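In: coordinates only, sequence not included:
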């Protein structure tokens, strides 16, 4: 069996890893869809699809997850086409794991099996909160796998985020 | 003569029907352009273009409006092209009825006749307010034609809206 | 029941009308999808979606077909999304009538019922051949419904085609 | 040497002119990239790319700037492609002048020289503030070059802005 | 008065220059629209919009044409929108000069004045023929203004064309 | 070191596998970019990106290639942006292997190292020839890895190709 999870992974944090591990344990094979793949270099989407792919790949390898597919997926801005868009870019799958209402509704409407999944430590471990910590200091590292912290540090990810976050005094 | 009206019709309510009747009576033929046709499955745009087409069609038929064209129109995100975009998708028309400032300006700038139209019961009968009522109970039915209420009920429209409106606790 | 037919209708000819009549008789309701709706002003696609909509509408009305939906559909250039794209723009339907291999395959793959339909007088009555006749003289009128011939003549359609067909001597 | 500046120029104001003069004096040649070229007829982007081109052209001519290129540049909505997108539309350049953090980061990441430039009278002379004044009265004219004020007045720009700004009472 | 000419200018050759001179002499101001601006690095479209802009600019300056606007224009793939697309990107103009049947038809249909213009030495001086000569030797230089030959030589344009023209033995 | 190869892989054949093995042996890590990812269900592009991903993944796993990234890449139709488009979707790489003239030129122009690679058995082992064999009988299986033949057979790939290849008698 193959399970599908979709996220923006900006960055891929410990809650994401728990979810992938959970799906892998149940299904023996997991597809990781990187959403909003076209975005990068913004405060909410700092990393490119390629950077996200590489950091997830390294983490899953080190975690001994043996059967996974990683696939960048661009936004299509048409909810009625979203499911088929995803389907045409990923290997065949049996079930989607999600706690996003729209994702659940769209896949259900298309007749695809959906499993509810509640994220680990949902109060503290969210992309938004972690990105905020990244702009402030080193505390973010406790919420992401070690390989992610290494990757972001080495590629100068924090500096990129800080430079983008710097803003002109007056909006034009 | 042919009159054009454009709206998102999410959903098509009694104010919309009054407007179509008014234009039909004056012009003898009315074009109903369904705007933002590409959108669906969101809180502000719950229904697909096809669903909106079908519910409007059934309503106008039952209302004995005898000469109407219904046409879904996708957004083009270029105000300078909007009028020609509409023109290329709809039959020839003589006049646009609207109370939207941008619509009026763009059609005027293109040399097309514009008739001001003020919506019926504009305080209570708006798409936004009706969609809010749809999430809360049955009161919405008094603001839409009977055939619209039937259609939405039968297709499970309220359930779709409620599922989409359900939201994950924390934004990512 | 509702039957769907899709074509470019450049122009809508007698073979198309036979097909719509056939589907209407069997299903009692017919959806006419105008394909490649975004195209116009070329030799193979001379008419806009709006012009095609109007000429089909007038023809079906005069033909006493009582329950039909006409819907322009833009190309999406992604075969894997085509069926859902169509579905989101048209009212609910039960069956597709087509003799186009790709159309049949795509709708079948999506689990939708497909009925084979062989076009009337397929040797003489094709869009391509009729467009050629339109550039040459009056003979084209025998292959289209009378209302179509009237519409095209009145709107100056032949002159448009001839002007576009005129070509610069040397390609740049 | 050739210097590049990019802005939306809605409208081109005195601060913009100072910047162009500064770059021209240092580099002897200046490229003026008109950003968000596809936008027009909104409160924040009232003028088309062509209108902005013409008003900038007239101003730089009158200002005796002798070597300048003006180029409309559409948004591409992909930060990772932005620099190459710009590069493919403009003549070869040596340096970018900007005080926008994202612009500076993206060009730096691509190995292109960036010069910090702080806008003149940044508190009072911004597009946003000037557009607000345009809706209110005549005071805006003191913040733009004379040729810009003439151009906008003559083309009826203020009336366009006021009509667009007029809003329907209730949002749909 | 302002005259508009549109071409791909791959490359800008002596026939193009004659045309610009002719329009400039008659109208006192000329807009040069660079069509298919998004294309480059193909056999039929070797140069970027920016490269074409720069070579045309240098040529017109040297030719003492004193009032010209150069504007890259991307294809829009919708004939019914083409005229408004062009209009929104260029300064106001009074007349279009063209010998292209589609261009003439589209601008006429929009109510814009069109002047027929027959290209100079049309048998020998076409983009297609000159590009062929560029792949073969030095003979191409006699068909383009001197400044164009210099520009292309200096930027390594011939080498780019030859590398692109080299083809893999077997198509995949 | 990381090497990048790009192809459409319709289907992934023995020549492709040799190439991936070669790059993997030299670089220890290989990125497989699936080009024209948006295409499927045509004679020249029968398989979706997801199907291609799955068949390549299974083949490389069985072949004991231990470190590979597979990434679908949509066409962008702008040669000047192609390299940055690829770069933003794939992990960091050191060198591109290709024998396609355009690919080589574009990556070279961007300052990226390119290694010439000549395909194995280029006369008999091409996508085009293999797709032709697939429509004719079983001979195609000798030109693809065993896992590819199994995958395509199991998913009904041949039947899909044959159905699409069937054509209506007369073009419209």
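Out: In hand now; what should we look at? Everything quoted here is computed from the prediction, not taken from an experiment.
In: what's the nearest residue to residue A:67 if we skip its chain neighbours?
Out: residue A:29 (4.4 Å; Cβ to Cβ, 6 or more residues apart in numbering or on different chains). To be clear about C-beta, it is placed using only N, CA and C from the backbone, and glycine gets the same treatment.
In: which residues touch the one you found?
Out: Counting by Cβ atoms under 8 Å, 6 or more residues apart in numbering or on different chains, residue A:29 makes contact with A:1-3, A:67-69.
In: Just the buried ones from the residues you listed, in PyMOL syntax?
Out: Per 16 or more other Cβ atoms under 10 Å in any protein chain shown, the buried members of the contacts of residue A:29 correspond to this PyMOL selection:
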select buried, chain A and resi 2+3+68+69
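In: so which of the contacts of residue A:29 comes closest to residue A:49?
Out: Using Cβ to Cβ, residue A:69 comes nearest to residue A:49 of the contacts of residue A:29, at 14.4 Å.
In: what residues does the host helix or strand of that closest one touch?
Out: Assigned by DSSP states H and E, residue A:69 falls within strand A:68-72. Around strand A:68-72, the neighbours that count as contacts under Cβ under 8 Å, 6+ apart are A:20, A:24, A:29-34, A:37, A:49-50, A:52-53, A:56-57, A:60, A:89-91, F:50, F:53-54, F:57, F:69-72, F:89.
In: related to what we said a few turns ago, looking at the contacts of residue A:29, spot the one nearest residue C:121.
Out: Among the contacts of residue A:29, and counting by Cβ to Cβ, the member closest to residue C:121 is residue A:2, at 50.0 Å.
In: contacting residues around the residue in chain A positioned nearest to chain B?
Out: Residue nearest to chain B within chain A (Cβ to the nearest Cβ): residue A:79, separated by 3.7 Å. Residue A:79 makes contact with A:102, A:106, B:39-42, according to Cβ under 8 Å, 6+ apart.
In: all strands for chain A, in order.
Out: Using DSSP state E, the strands of chain A run over A:3-7, A:30-34, A:68-72, A:95-98, A:113-116.
In: can you put these in CSV and add mean pLDDT?
Out: What follows is those, written out as CSV (pLDDT from 0 to 100):
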stretch, mean pLDDT
strand A:3-7, 98
strand A:30-34, 98
strand A:68-72, 98
strand A:95-98, 97
strand A:113-116, 96
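In: Just put those strands in TSV and tack on distance to residue E:7.
Out: Shown next, in TSV, are these (distance: least, Cβ to Cβ, whole Å):
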stretch	distance to residue E:7
strand A:3-7	46
strand A:30-34	42
strand A:68-72	38
strand A:95-98	51
strand A:113-116	55
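In: For chain A, what lies in contact range of chain F?
Out: A:37-38, A:40, A:48-51, A:53-54, A:57, A:69-72, A:74, A:87-92 (Cβ under 8 Å from any Cβ of the partner chain).
In: Which of those residues fall within helices?
Out: A:49-51, A:53-54, A:57, A:87-89 (DSSP state H).
In: among those residues, who's most crowded?
Out: When neighbours are taken as other Cβ atoms under 10 Å in any protein chain shown, the top entry among these is residue A:49 (28 neighbours).
In: quick one, what contacts the residue positioned nearest the centre of chain A?
Out: The residue lying closest to the centre of chain A (Cα atoms, centre = their mean) is residue A:9, at 2.4 Å. Shown in contact with residue A:9 (Cβ under 8 Å, 6+ apart): A:16, A:32, A:34-35, A:52, A:56, A:127.
In: One more: residue A:20?
Out: A:5, A:30, A:32, A:60, A:65, A:68.
In: Select only the buried ones of those residues in ChimeraX?
Out: Buried residues among the contacts of residue A:20 (16+ other Cβ under 10 Å), as a ChimeraX selection:
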select /A:5,30,32,60,65,68
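In: on that earlier part again, among the strands of chain A, which is nearest residue B:140?
Out: Nearest of the strands of chain A (Cβ to Cβ): strand A:113-116, 28.0 Å.
In: How about residues contacting the closest one?
Out: Contacts of strand A:113-116 (Cβ under 8 Å, 6+ apart): A:3, A:94-99, A:103-104, A:107-108.
In: Make CSV from these and add distance to residue C:115 to it.
Out: Formatted as CSV, those follow (distance: Cβ to Cβ, whole Å):
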residue, distance to residue C:115
A:3, 37
A:94, 32
A:95, 34
A:96, 33
A:97, 39
A:98, 37
A:99, 42
A:103, 35
A:104, 34
A:107, 30
A:108, 29
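In: what about burial for the contacts of residue A:9, which qualify?
Out: A:16, A:32, A:34-35, A:52, A:56, A:127.
In: Could you work out the most separated pair of these?
Out: A:32 and A:127 (14.8 Å).
In: State the distance from residue A:93 to chain D.
Out: Residue A:93 is 28 Å from chain D, where distance means Cβ to the nearest Cβ, to the nearest Å.
In: Likewise for residue A:32?
Out: Distance from residue A:32 to chain D, by Cβ to the nearest Cβ: 20 Å.
In: same question, residue A:49
Out: 9 Å.
In: How confident is the prediction for that residue, by pLDDT?
Out: Predicted confidence (pLDDT) at residue A:49: the value is 98.
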